[in-house]
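Student: What follows is a predicted protein model with its sequence.
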Amino acid sequence: MTEWTTPLRYKPYHQWSTDYLDLLESVIQKSSWRQAFHIQPKTGLLNDPNGFSFYNGKWHLFYQAYPFGPVHGVKSWYHMVSDNLVDWKQHDYALLPDSPYDSHGVYSGSAITVGEKLFLMYTGNVRDKNWERHSYQLGAWMDSEMQVEKITEALIENPPAGYTEEFRDPQLFRYQDNCLMAIGAQTESGKGAVLVYQSKQLIDWELLGELDYTTEDMGFMVECPNLVFVDNQPVLLFCPQGLDNEITPYQNIYPNMYVIGSAFNKETVSIENTSDLINLDEGFDVYATQAFNAPDGRVLSVGWIGLPEIDYPSFEEGWAHCLSIVKELSIKDQHLYQKPVIEMQELRQHHEVLKGSVQEENLLLSSPDKNVYELKLELDSRASGSLYLFADKQNKEGLKLSYNAKDDTISMDRSKAGIPFGEGYGSIRTASLKKQDKLTLHIFADRSVCEIFVNDGYCVMTSRIFMKDPQQTHIFLQGFEGDYTGDFWTLREMNE
Ligand code: FRU
């Protein structure tokens with residue numbers, strides 16, 4: 001195993017040989033954990049989604065990349081392009097860490113269409129000779145040939161007075177006649193904050209102030225804030241690192257949360273009548289979700305399925321993490337719903353209708369050739385029961401999803417789902433549901449990841465799973481009451 005010293009992690013890209021990358025790729029290609037329809041790095045590490053946008057008739061999505069190993073080395077933006085939000089073509093690196101303003105990493109940011117071009121805004125991470133961090137907010141233009149040109153000067157040279165160099169992840173959005181930008185920050189007293197800037201020409205940025213959306217302390221740093229408008233209501237998605245568990249309980253090392261408000265007030269830089277903080281995903285591995293108001297009227301989101309500072313089993317194979325499928329956000333009864341985009345149906349292949357009566361014993365629902373499928377189930381919610389995925393023949397091992405009818409909760413238990421990891425943060429996640437007659441589960445399984453949409457997207461539970469045996473594909477049902485109905489589809493690989 002490589003020892004990833006700091007100098008190695010910051011070794012310039014051009015000093016790595018193509019032979020090294022080819023070798024890494026050939027090892028990774030043999031892995032049984034490689035996914036069929038999720039965006040994953042060819043080699044090395046992927047983290048936050050960046051620059052999710054629609055430009056020149058296509059969807060564009062970039063991600064934080066470190067291609068040389070499964071570690072957080074010097075980051076770049078890798079560019080993916082799609083016609084349908086499902087089949088993503090690998091394009092190329094869009095931004096490399098090659099300027100004095102981003103020498104130690106092209107960090108996260110966003111994109112917005114401006115006239116004939118796509119404007120990218122991102123954080124340049126620089127370490128000085130004392131290894132002190134400096135954060136610059138930078139810009140670049142992408143043209144219709146997908147050529148990216150960096151703006152040579154920094155757009156924002158320094159954090160404003162009262163804030164530290166933990167200042168990153170600009171998110172651009174249009175508001176009235178201006179372009180606004182939300183950015184993660186840390187106050188000099190070490191508290192997490194979101195700042196809002198405004199610009200007309202995208203070059204001169206004026207600080208409007210610190211966003212007022214909560215009276216609670218937001219940990220020590222807020223990463224990846226995203227302000228979107230769902231049915232005209234502001235929704236702020238963000239990652240408050242070090243958030244006190246008393247404010248909103250969470251078990252992941254760092255949470256990805258959201259609040260919904262009634263209105264965004266630019267004059268007072270506030271979100272009015274905000275809800276409590278709510279976990280965006282009730283499972284294990286979602287972080288740094290990026291969302292945007294798409295020109296077709298939908299609000300689309302995509303998350304990083306991975307967490308900082310946790311070792312994942314695929315590290316041994318030289319790669320790490322993936323992005324979530326694309327989700328559509330909506331609000332009903334002041335609650336945020338997340339659903340897979342309709343385009344996911346394009347992946348469907350062989351279809352099976354599921355119908356029958358549940359029983360006390362294990363009921364085998366299906367045993368596909370591989371864990372690459374979509375499963376929809378509707379169950380009577382009057383009695384408790386469990387669904388087992390990625391299970392072996394005897395149903396001794398697998399991912400267990402249990403519904404508790406008494407208190408209307410659902411839990412995901414991965415303690416027997418393959419190679420354990422991140423156990424210090426618990427192996428079970430539990431979410432509360434709203435009482436309804438039926439429990440509906442909409443599941444996307446993709447070899448080493450599982451995304452579960454509960455009750456039409458009322459909550460989402462996501463988990464990476466690293467099975468030792470890829471033949472563990474059985475799906476069992478146990479408990480519940482009455483009849484169940486459902487659909488099962490095998491899914492094709494994405495066309496790259
Ligand atoms: C979140 C994050 C961002 C930063 C990026 C660096 O995962 O830490 O705050 O811009 O990753 O890769």
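Tutor: Thanks, I have it.

Student: Next to the ligand in this structure, residues from the stretch 101-250 of the chain, please.
Tutor: Counting by C-beta under 6 Å from any ligand atom, the residues of the stretch 101-250 of the chain close to the ligand are 107-108, 123, 168-169, 223-224. C-beta here means a position set from N, CA and C on the backbone, and glycine is covered the same way.

Student: Nearest to residue 69 among the residues you listed?
Tutor: Nearest to residue 69 among these, counting by C-beta to C-beta, is residue 107 at 18.4 Å.

Student: Which residue ranges make up each domain of the protein?
Tutor: 6-340, 346-491 (automatic domain parsing).

Student: Okay, now the unreliable bits of the stretch 201-350 of the chain?
Tutor: In the predicted model, the stretch 201-350 of the chain carries no residue with pLDDT under 70.

Student: show me the contacts for the one residue in it that gets nearest to the ligand.
Tutor: Nearest residue of the stretch 201-350 of the chain to the ligand, counting by C-beta to the nearest ligand atom: residue 223, 3.7 Å away. Taking C-beta atoms under 8 Å, 6 or more residues apart in numbering, we find residue 223 in contact with 108, 168-169, 184, 238-239, 241, 254, 288.

Student: Try it again at 7 Å.
Tutor: The contact partners of residue 223, by C-beta atoms under 7 Å, 6 or more residues apart in numbering, come to 169, 184, 239, 241, 288.

Student: what about burial for those residues, which qualify?
Tutor: Neighbour-count burial (16 or more other C-beta atoms under 10 Å) applied to those gives 169, 184, 239, 241, 288.

Student: from those residues, which ones fall inside strands?
Tutor: Members of those lying in strands (criterion: DSSP state E): 169, 184, 239, 241, 288.

Student: can you map out the helices along the stretch 151-300 of the chain?
Tutor: Read by DSSP state H, counting those that start in this stretch, the stretch 151-300 of the chain holds no helices at all.

Student: Okay, strands next: where are they in the stretch 51-200 of the chain?
Tutor: 58-66, 76-82, 88-95, 106-114, 117-127, 133-142, 148-150, 168-175, 178-186, 192-199 (DSSP state E, counting those that start in this stretch).

Student: which one of those lies closest to residue 293?
Tutor: strand 168-175 (6.9 Å).

Student: Mind giving me the packing neighbours of the closest one?
Tutor: Contacting strand 168-175 under the criterion 3 or more C-beta pairs under 7 Å, 6 or more residues apart in numbering; DSSP states H and E are the following elements: strand 106-114, strand 117-127, strand 178-186, strand 221-230.

Student: For the residue of the stretch 201-350 of the chain closest to the ligand, name its beta-bridge partners.
Tutor: Applying DSSP bridges to residue 223 yields these beta-bridge partners: residue 239.

Student: Let me know the next secondary structure element after the helix or strand containing residue 460.
Tutor: Using DSSP states H and E, residue 460 sits within strand 459-464. Once strand 459-464 ends, the next helix or strand along the chain (criterion: DSSP H and E) is strand 474-479.

Student: CA atoms only for that next one, dumped as CSV, please.
Tutor: Provided in CSV are the C-alpha atoms of strand 474-479 (Å, rounded to 0.1, in the frame of the first residue of the first chain):
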residue,chain,number,x,y,z
HIS,A,474,-31.2,-12.3,-2.6
ILE,A,475,-34.1,-10.1,-1.6
PHE,A,476,-36.3,-11.4,1.3
LEU,A,477,-39.4,-10.0,3.0
GLN,A,478,-40.3,-10.9,6.5
GLY,A,479,-43.2,-9.9,8.7
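
Student: How far off centre is that strand?
Tutor: Distance of strand 474-479 from its chain centroid, counting by C-alpha atoms, centre = their mean, to the nearest Å, is 28 Å.

Student: Tabulate the CA atom coordinates of the helix or strand following it in CSV.
Tutor: Downstream of strand 474-479, the first helix or strand assigned by DSSP H and E is strand 483-491. What follows is strand 483-491, C-alpha atoms only, in CSV (Å, rounded to 0.1, in the frame of the first residue of the first chain):
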residue,chain,number,x,y,z
ASP,A,483,-50.7,-8.3,0.5
TYR,A,484,-47.8,-6.7,-1.1
THR,A,485,-47.4,-5.4,-4.6
GLY,A,486,-44.4,-4.2,-6.5
ASP,A,487,-42.2,-4.0,-9.5
PHE,A,488,-38.7,-5.2,-10.1
TRP,A,489,-36.5,-4.1,-13.0
THR,A,490,-33.0,-5.1,-13.9
LEU,A,491,-31.2,-1.9,-15.0
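
Student: shouldn't residue 52 be in contact with residue 304?
Tutor: No: shown here, residue 52 and residue 304 do not form a contact pair, counting by C-beta atoms under 7 Å, at 11.8 Å.

Student: buried ones in the top helix by length along the chain?
Tutor: The residue-count maximum for a helix in the chain (DSSP state H) belongs to helix 18-29. Neighbour-count burial for helix 18-29 flags 24, 28 (criterion: 16+ other C-beta under 10 Å).

Student: What average pLDDT does that helix get?
Tutor: Helix 18-29 comes out with an average pLDDT of 97.

Student: quick one: contacts of it?
Tutor: Contacts of helix 18-29 (C-beta under 7 Å, 6+ apart): 34, 42-43, 67, 317-319.

Student: if we can go back for a sec, which two in the buried ones among the contacts of residue 223 are spaced the farthest apart?
Tutor: 169 and 241 (11.9 Å).

Student: right, and the secondary structure at residue 314 would be what?
Tutor: helix (DSSP: H, G, I helix; E, B strand; the rest coil).

Student: residue contacts, residue 36?
Tutor: Listed by C-beta under 7 Å, 6+ apart, the contact partners of residue 36 are 372, 446-447, 491, 493-494.

Student: can you pick the most crowded of those residues?
Tutor: Using other C-beta atoms under 10 Å as the neighbour criterion, residue 446 leads these with 26 neighbours.

Student: Can you tell me which residues in the stretch 251-400 of the chain are near the ligand?
Tutor: With the criterion set to C-beta under 6 Å from any ligand atom, the stretch 251-400 of the chain comes near the ligand through 288, 308.

Student: Quick one: the strands in the stretch 201-350 of the chain, in order.
Tutor: So, for the stretch 201-350 of the chain - with DSSP E, counting those that start in this stretch - the strands run 206-210, 221-230, 233-241, 257-260, 263-265, 270-272, 278-279, 286-293, 299-305, 319-320, 322-323, 327-332, 335-340, 348-357.

Student: Return the most buried member of the ones you listed.
Tutor: Of all the strands of the stretch 201-350 of the chain, strand 322-323 carries the top mean neighbour count, a mean of 27, counting by mean count of other C-beta atoms under 10 Å.

Student: Quick check: which helices or strands does that one pack against?
Tutor: Contacts defined by 3+ C-beta pairs under 7 Å, 6+ apart place strand 322-323 against strand 44-55, strand 299-305.

Student: Paired strands for it, with orientation please.
Tutor: In the sheet, strand 322-323 lines up against strand 299-305 (antiparallel) (DSSP bridges).

Student: Show me the two of the contacts of helix 18-29 that sit farthest apart.
Tutor: It's 34 and 67 that sit farthest apart of these, by C-beta to C-beta, at 15.7 Å.

Student: So for these two, which sits in the more crowded spot?
Tutor: Taking other C-beta under 10 Å, residue 34 and residue 67 do not tie; residue 67 has more neighbours (21 against 18).

Student: if I pick that one, what's in contact with it?
Tutor: Residues near residue 67 by C-beta under 7 Å, 6+ apart: 21, 41, 43-44.

Student: Residue 390 too?
Tutor: The contact partners of residue 390, taken as C-beta under 7 Å, 6+ apart, are 371, 398-399, 417, 465, 467, 472.

Student: give me the number of residues near the nearest residue to residue 405 once chain neighbours are set aside?
Tutor: Leaving out its chain neighbours, the residue that sits closest to residue 405 by C-beta to C-beta, 6 or more residues apart in numbering is residue 384, at 4.7 Å. Using other C-beta under 10 Å, residue 384 has 16 other residues around it.
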